[in-house]
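In: could you work out the structure for the sequence below:
(2 chains)
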2 protein chains.
Amino acid sequence: MRATIIHAPGDIRVENVPEPTIKAPTDAVIRTVATCVCGSDLWTYRGINPVTQPQSIGHEYVGIVEETGSDVRNVKPGQFVIGSFIASDNTCPNCRAGYQTNCLHRDFPGGCQAEYVRVPLADGTLVATPEQPAQELIPDLLTLSDVMGTGWYAARAAEVGPGSTAVVVGDGAVGLCGVIAAKELGAERIIAMSRHESRQKLALEFGATDIVTERGDEGVARVKEMTDGVGADSVLECVGTQQSMHQALRSTRPGGNVGFVGMPHDVAVDGQELFFSHVGLRGGPAPVRAYLPDLIDRVLGGRIHPGEVFDLTLPLDEVAEGYKAMDERRAIKALLRP
Amino acid sequence: MRATIIHAPGDIRVENVPEPTIKAPTDAVIRTVATCVCGSDLWTYRGINPVTQPQSIGHEYVGIVEETGSDVRNVKPGQFVIGSFIASDNTCPNCRAGYQTNCLHRDFPGGCQAEYVRVPLADGTLVATPEQPAQELIPDLLTLSDVMGTGWYAARAAEVGPGSTAVVVGDGAVGLCGVIAAKELGAERIIAMSRHESRQKLALEFGATDIVTERGDEGVARVKEMTDGVGADSVLECVGTQQSMHQALRSTRPGGNVGFVGMPHDVAVDGQELFFSHVGLRGGPAPVRAYLPDLIDRVLGGRIHPGEVFDLTLPLDEVAEGYKAMDERRAIKALLRP
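Out: As a prediction, the model looks like this:
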């Protein structure tokens, strides 16, 4: 089959590799209908995560079940499925608590930018749609595998509720999905921090009520001005830098919450600052599996259209251009069709 | 009047000073019925907070209203009152959100280890009991001014709920009050981390179901063993050191919460560790004002007896011995009678 292999920073190729097979009785193999490039794949592409040998890449996918191991009960060949970027058994104490990305038996359906993918712990990881979805819904459903679920978790961790004011720090695909999530969870005011016109436009379309272009201390001051001088109820931190974390914490009112889903790079939180802020803080790899049934319903019911974050669609063979376009910020997110 | 003055680290004296007077129309002056020494007063006593000139000290108090400013409506002379260690108007957005210690107009009723205390923002800060309380309830009511309210906030910030497992890190007066709070909020299992026999005994009396004597990584391992390998739902961090924060975060299950009320000294939280833990974190100076009505009810109704944390009672004139006994850990907490 054709699969994406990264050989070195910046060196992405599609190559012929053996098709994956069932290794454990809890595995499934799916034929990929669509996959995409994640902001976190760019860390590898940029050499921030080292590449010591050629490796397969990609962790977002929707597809048709091709084959299942003998223990798989919840999905069957021919079904259209969506799965989390981390495989989970969905039965351990952490899964039952709704934190499937901290499953005691977690595993990884790696190498998803390919024609076929082996998904471990298929029963706990995959969710099938009631029937084959319409073609135009494929991009929306694909986002549920990671970015839309991650935006949703950011909003949940930030405890967005009806009537609240939410701020979204970061205007990448996850931040934009965070805007959708904040709206769906009832935020009355949604302030998107963005400097890019195309992203501002999408944020407004997704439900943002205000755009703030300032960053850092100036961004904090703008948010304070807009919120009676106290800060926002909920802030979604969708970047992962020290600056964005500071901005998020300082934009939140005492008693408010920051949900952080940007994987932190060299971020430290000062204990005394957090103490006097009275801000609640929770982050992590989003347990998107927990949200799949609900989010699938919202997509199939036409309530949300997160697939609009894909502003570039390419055949899998042109994956290298997808990475390049995202790296150069010409594209928000690239969808790939095997 | 007689008031406690700290002249230098370790040099605590009772001296004659002018009685406080009404300065603002929102002030009240109260005659102190009981006051006490706080763990945080020891920072000053030990020179960790610098003492550059003689200063009055103490922030916990119950008393009888002596005089009120012309704008005070909610309390009147002769009433028995309890107030927060931070004065708040109880009407600003932060107060309305339940974070009175972050009141936009907050002020400080300082120098409470004295015969009289001036309390700013009296209407927002003081709560009167329905009638003069019985003598034996004075110690219980006094704890509501700080330590019991702080333990309560720790449990609330850690989201202790019915049937949950709570861990209390720190066996000082606040940690012990945290045990009471966890029990009142419905925790089914309460693990107190303590190495001191007298404190272990009090923790058990207050509702702890288990005592763990190990600290650091060993303490974490013990808690994990006791909680299906995943950690506790809620951890109350009542110390404020880097070690205690690590211990608290690592003892909590993914999706669980740490409430931290030990004022952090040189504490930093690593962003990536917090991220992968999925633990929620909230701390701060406890908004004890928010809890006063409820906690007064629980004391007057005989449900809770937090006054038992006072294992030393002294006349105000012997305040120096109170500091010394607490500094040497001979006493958990010293009550002073002016």
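
In: list the contacts of stretch A:193-209.
Out: Stretch A:193-209 is contacted from outside by A:167-171, A:175-177, A:179-180, A:182-183, A:187-192, A:211-215, A:219, A:247, A:308-309, A:311, A:329, A:332, using Cβ atoms under 8 Å, 6 or more residues apart in numbering or on different chains. The way it works is simple: take the backbone N, C-alpha and C, and place the C-beta from them, glycine included.

In: what's the average pLDDT for stretch A:38-48?
Out: The average of the pLDDT scores along stretch A:38-48 is 92.

In: is chain B contacted by it?
Out: No: shown here: stretch A:38-48 not in contact with chain B (Cβ under 8 Å from any Cβ of the partner chain), separated by at least 12.6 Å.

In: so how far is that stretch off the chain centroid?
Out: Put simply, stretch A:38-48 sits 14 Å off its chain's centre (Cα atoms, centre = their mean, to the nearest Å).

In: the strands in the stretch 1-150 of chain A, which residues?
Out: A:2-8, A:11-16, A:28-36, A:55-56, A:61-68, A:80-83, A:116-119, A:126-128 (DSSP state E, counting those that start in this stretch).

In: can you put these in CSV and add distance to chain B?
Out: Below are those laid out as CSV (distance: least, Cβ to the nearest Cβ, whole Å):
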stretch, distance to chain B
strand A:2-8, 23
strand A:11-16, 26
strand A:28-36, 23
strand A:55-56, 22
strand A:61-68, 23
strand A:80-83, 20
strand A:116-119, 22
strand A:126-128, 20
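
In: rebuild those as TSV, extending it with mean neighbour count.
Out: Formatted as TSV, the strands of the stretch 1-150 of chain A follow (neighbours: other Cβ atoms under 10 Å in any protein chain shown):
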stretch	mean neighbour count
strand A:2-8	20
strand A:11-16	15
strand A:28-36	25
strand A:55-56	15
strand A:61-68	22
strand A:80-83	26
strand A:116-119	26
strand A:126-128	21
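
In: present the ones you listed as JSON lines; the columns should include distance to B:Gly149.
Out: Listed next are these as JSON lines, based on distance: least, Cβ to Cβ, whole Å:
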{"stretch": "strand A:2-8", "distance to B:Gly149": "55"}
{"stretch": "strand A:11-16", "distance to B:Gly149": "58"}
{"stretch": "strand A:28-36", "distance to B:Gly149": "50"}
{"stretch": "strand A:55-56", "distance to B:Gly149": "54"}
{"stretch": "strand A:61-68", "distance to B:Gly149": "51"}
{"stretch": "strand A:80-83", "distance to B:Gly149": "47"}
{"stretch": "strand A:116-119", "distance to B:Gly149": "50"}
{"stretch": "strand A:126-128", "distance to B:Gly149": "45"}
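
In: tell me the mean pLDDT over stretch A:97-110?
Out: 96.

In: end to end, how far does that stretch reach?
Out: 25 Å (Cα to Cα, to the nearest Å).

In: is that stretch anywhere near chain B?
Out: Yes: contact of stretch A:97-110 with chain B (Cβ under 8 Å from any Cβ) involves A:97-99, A:101-102, A:104.

In: those: which two are farthest apart?
Out: A:Gly98 and A:Leu104 (14.1 Å; Cβ to Cβ).

In: now the contacts of stretch A:193-209: which count as buried?
Out: The neighbour count (16 or more other Cβ atoms under 10 Å in any protein chain shown) marks A:167-171, A:175-177, A:179-180, A:182-183, A:187, A:189-192, A:211-212, A:219, A:247, A:308-309, A:311, A:332 as buried among these.

In: low-scoring stretches of the stretch 51-200 of chain A, by residue?
Out: The stretch 51-200 of chain A contains no residues with pLDDT under 70.

In: surely A:Pro254 is within a strand?
Out: Yes: applying DSSP: H, G, I helix; E, B strand; the rest coil, one finds A:Pro254 inside a strand.

In: now the residue nearest in space to the middle of chain A, nearest residue through space, not along the chain?
Out: Nearest to the geometric centre of chain A sits A:Val147, at 2.1 Å (Cα atoms, centre = their mean). Excluding its sequence neighbours, the residue lying closest to A:Val147 (Cβ to Cβ, 6 or more residues apart in numbering or on different chains) is A:Ala173, at 4.5 Å.

In: does that neighbour touch A:Lys333 like I think?
Out: Yes: counting by Cβ atoms under 8 Å, A:Lys333 is a contact partner of A:Ala173 at 4.3 Å.

In: more neighbours: the two, which one.
Out: A:Ala173 (31 against 27; other Cβ atoms under 10 Å in any protein chain shown).

In: quick one, what contacts A:Pro139?
Out: Contacts for A:Pro139 (Cβ under 8 Å, 6+ apart) come out as A:34, A:307-308, A:310, A:313, A:335.

In: sorry, back to before: hey, what's in contact with both of A:Ala173 and A:Lys333?
Out: Shared contacts of A:Ala173 and A:Lys333, defined by Cβ under 8 Å, 6+ apart, are found at A:39, A:147, A:309.

In: over to A:Gly259: give its phi and psi.
Out: Backbone geometry at A:Gly259, expressed as degrees, to the nearest 10, gives phi -100, psi 120.

In: ditto for A:Ala203
Out: Dihedral angles (degrees, to the nearest 10) for A:Ala203: phi -60, psi -40.

In: kindly report the same for the one 3 residues further on.
Out: Backbone torsions for A:Phe206, taken as degrees, to the nearest 10, come to phi -80, psi -10.

In: ok, and the closest non-adjacent residue to it?
Out: A:Phe206 sits nearest to A:Val179 (Cβ to Cβ, 6+ apart), 4.3 Å away.

In: ranges for the helices of the stretch 1-150 of chain A?
Out: With DSSP state H, counting those that start in this stretch as the criterion, the stretch 1-150 of chain A has helices at A:41-45, A:93-96, A:122-125, A:138-143, A:147-157.

In: Provide the strand pairings for the helix or strand just after the last one, with the direction of each partner.
Out: Heading C-terminal from helix A:147-157, the first helix or strand you meet, by DSSP states H and E, is strand A:165-169. Using DSSP bridges, the strands paired with strand A:165-169 in its sheet are strand A:189-193 (parallel), strand A:232-237 (parallel).

In: adding distance to B:Glu60, write the ones you listed out as TSV.
Out: Listed next are the strands paired with strand A:165-169 as TSV, based on distance: least, Cβ to Cβ, whole Å:
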stretch	distance to B:Glu60
strand A:189-193	40
strand A:232-237	32
